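In: Quick one: sequence plus predicted model below, questions after.
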Amino acid sequence: MKRMRQDEDKTGMDKIKENEAAYNLKEYDSDKSNEEDVSRTVQADLSDAGEQDMTPENTEKQPVTYKEYSTEYLVSAVEAILFSIGESVSVDRLAKALEMEIKKLSKQMEEVLAIYNQSDRGIKMVELENAYQLCTRNEYYDVLTKVVCTPKKPNLTDVLLETLSIVAYKQPITRPEIEAIRGVSCAHAINKLMEYGLVDEVGRLDAPGRPILFGTTEEFLRSFGVASTEELPMISPDKIEDFKKEAQEEANEITLGLDNES
């Protein structure tokens, strides 16, 4: 009898355990289902957010806020920048430093130059092909040479001046094109002008052999006191013919000298 009760109790306990296991499994399935639902919901939210972020409204860059200054402030600010750098500074670089719009700064720099250069100070502010620099005034050159060691000025012969003029007015230009105008070889003249820093290579012509293109430099603008090549005086066709005649005379002299040596 006692044994039968034990068996009944055991059977009852087993059923309870089975029921608990079934309940736990049901709860687990329910929790798992809930987790999957939450996961799907989160993924959907993230997907929607991603799609919203990729809309044209959200991908557009925020407008840049530029600063504005009075001309009086710019006179002092630009002077400080140019004095510190000690060489020409492009308008792009100035605009970045001042956080200004390039077009706005370029326009305002016209007033800055006018105000700065109307004073009697010993330095002036000059424009060099969309760049600016502080330079000493020409009238104080003799005084400066007594206290400053100046580099030797390049000796520009007629040949060099003619070659430089052709480059200045026809740039960018190749050596064969220069020689076609002068009528003689100009390799030595170009090398000398490059040595003096007045001419430099500015690219290559998109043609067979890709010949080198030459143009003038900032040093050329400083040396001749112009802001850009557009300020150079107009050259007449007659002057080009004079170049050719002088070049021909030069070639004849060289040929005659070689004949005498032989």
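Out: Done, it's in. Numbers count the residues shown, from 1 in each chain.

In: Output stretch 204-211 in PDB, but only the C-alpha positions, please.
Out: C-alpha atoms of stretch 204-211 as PDB (Å, rounded to 0.1, in the frame of the first residue of the first chain):
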ATOM      1  CA  ARG A 204      52.900  71.600 -72.000                       C
ATOM      2  CA  LEU A 205      51.100  72.100 -75.300                       C
ATOM      3  CA  ASP A 206      48.700  69.400 -76.200                       C
ATOM      4  CA  ALA A 207      50.400  68.500 -79.500                       C
ATOM      5  CA  PRO A 208      52.800  65.900 -80.800                       C
ATOM      6  CA  GLY A 209      56.000  65.900 -78.700                       C
ATOM      7  CA  ARG A 210      54.100  68.000 -76.000                       C
ATOM      8  CA  PRO A 211      56.500  71.000 -76.200                       C
END
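
In: Name the residues that touch that stretch?
Out: For stretch 204-211, contacts defined as C-beta atoms under 8 Å, 6 or more residues apart in numbering pick out Pro172, Thr174, Arg175, Pro176, Ile212, Leu213. Glycine gets a C-beta too; all of them are placed from N, C-alpha and C.

In: Looking at the residues you listed, spot the one nearest Tyr132.
Out: Taking C-beta to C-beta as the measure, Tyr132 lies nearest Pro172 of these, at 23.9 Å.

In: Torsion angles phi and psi at the closest residue to the closest one other than its chain neighbours?
Out: Sequence neighbours aside, Leu213 is the residue nearest to Pro172 in space, at 3.8 Å (criterion: C-beta to C-beta, 6 or more residues apart in numbering). Here is the backbone geometry of Leu213 (degrees, to the nearest 10): phi -100, psi 140.

In: who touches Leu213 in this structure?
Out: Gln171, Pro172, Ile173, Thr174, Glu201, Val202, Gly203, Arg204, Leu205.

In: show me where the stretch 51-200 of the chain has helices.
Out: Along the stretch 51-200 of the chain, counting by DSSP state H, counting those that start in this stretch, helices occupy 56-59, 71-85, 91-98, 102-117, 141-145, 158-170, 175-182, 187-195.

In: Glu139: neighbour count?
Out: 8 (other C-beta atoms under 10 Å).

In: ugh, typo on my part, it should be Glu99
Out: 13.

In: and the nearest residue to it once chain neighbours are set aside, what pLDDT?
Out: Spatial nearest neighbour of Glu99, excluding adjacent residues (C-beta to C-beta, 6+ apart): Lys67 at 4.6 Å. On pLDDT, Lys67 comes in at 92.

In: before we move on, what about Val184?
Out: Listed pLDDT for Val184 reads 87.

In: What is the most widely separated pair among the contacts of stretch 204-211?
Out: Distances among the contacts of stretch 204-211 were taken as C-beta to C-beta; the most separated pair is Pro172 and Pro176, at 13.0 Å.

In: Looking only at neighbour counts, state which of these two leads.
Out: Neighbours were counted for Pro172 and for Pro176 using other C-beta under 10 Å; Pro172 has more, 16 against 11.

In: just checking, the more buried one touches Asp200?
Out: No - with contact defined as C-beta atoms under 8 Å, Pro172 does not reach Asp200; the gap is 10.6 Å.

In: what sits in contact with each of those two?
Out: Contacts common to Pro172 and Asp200, judged by C-beta under 8 Å, 6+ apart, are Phe214, Gly215.

In: Tell me who's in contact with Ser101.
Out: Heads up, residue 101 is Glu, not Ser. Tyr66, Ala95.
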